[in-house]
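In: below: sequence and its predicted model.
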Amino acid sequence: MAVDLNHTIVAARDKKESAEFVAGILGLEVGPQYGPFLPVVTANGVALDFMDADPYHPINEQHYAFIVTEAEFDEIFGRIKEAGIEYWADPGHRQPGEINHNDGGRGVYFPDPSGHNLEIITRPYGSGS
């Protein structure tokens with residue numbers, strides 16, 4: 001059986017701000033609004049559907065990880081640094097201003113405007129070195 005992830009809803013304080021942030025940092029495009037959703041589609045066809053969260057309830061911060069090539073890592077990481085965005089080598093944010101080299105690749109964590117923990121990695125976890 002083949003099962004693929006098609007889309008996920010990303011709660012945001014401001015869906016336009018968050019969608020534009022993620023698209024801009026990752027070098028993607030914001031798609032046209034579909035109902036209450038503002039989509040950003042990755043290369044493998046998965047849509048991150050940004051939706052304004054209820055302003056009276058806190059956003060449950062989530063983690064979104066993106067596999068990128070070494071060249072894409074350099075481009076994205078350059079945009080992170082250029083924008084002055086804080087970044088960490090670890091998901092618990094105990095290693096500020098560093099990247100990791102897990103599984104022989106590179107990875108870094110950074111926040112989006114709604115507090116979600118975004119990650120770019122060049123090697124899938126468990127892939128070895």
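Out: Noted; the coordinates are in hand.
In: for the rest of this, base every contact and every neighbour count on C-alpha atoms.
Out: Fine.
In: Cys8 and Thr42 touch, don't they?
Out: For residue 8 the amino acid is Thr, not Cys. No. Contact between Thr8 and Thr42 fails when scored by CA atoms under 8 Å: they sit 11.7 Å apart.
In: neighbour count winner among the two?
Out: Thr42 (16 against 12; other CA atoms under 10 Å).
In: phi, psi for the closest residue to the more buried one other than its chain neighbours please.
Out: In this structure, Thr42 finds its nearest non-sequential neighbour in Leu28, 7.2 Å apart by CA to CA, 6 or more residues apart in numbering. The phi/psi pair for Leu28 (degrees, to the nearest 10) reads phi -110, psi -180.
In: cool, and Asn102?
Out: phi -60, psi 140.
In: for the residue nearest to Thr42, what are its contacts?
Out: Leu28 makes contact with 22, 40-42, according to CA atoms under 8 Å, 6 or more residues apart in numbering.
In: and the pLDDT for it?
Out: Leu28 is assigned a pLDDT of 98 by the prediction.
In: against Val22, how distant is it?
Out: 8 Å (CA to CA, to the nearest Å).
In: mutual contacts of the two, please.
Out: Common neighbours of Leu28 and Val22, counting by CA under 8 Å, 6+ apart, are Val40.
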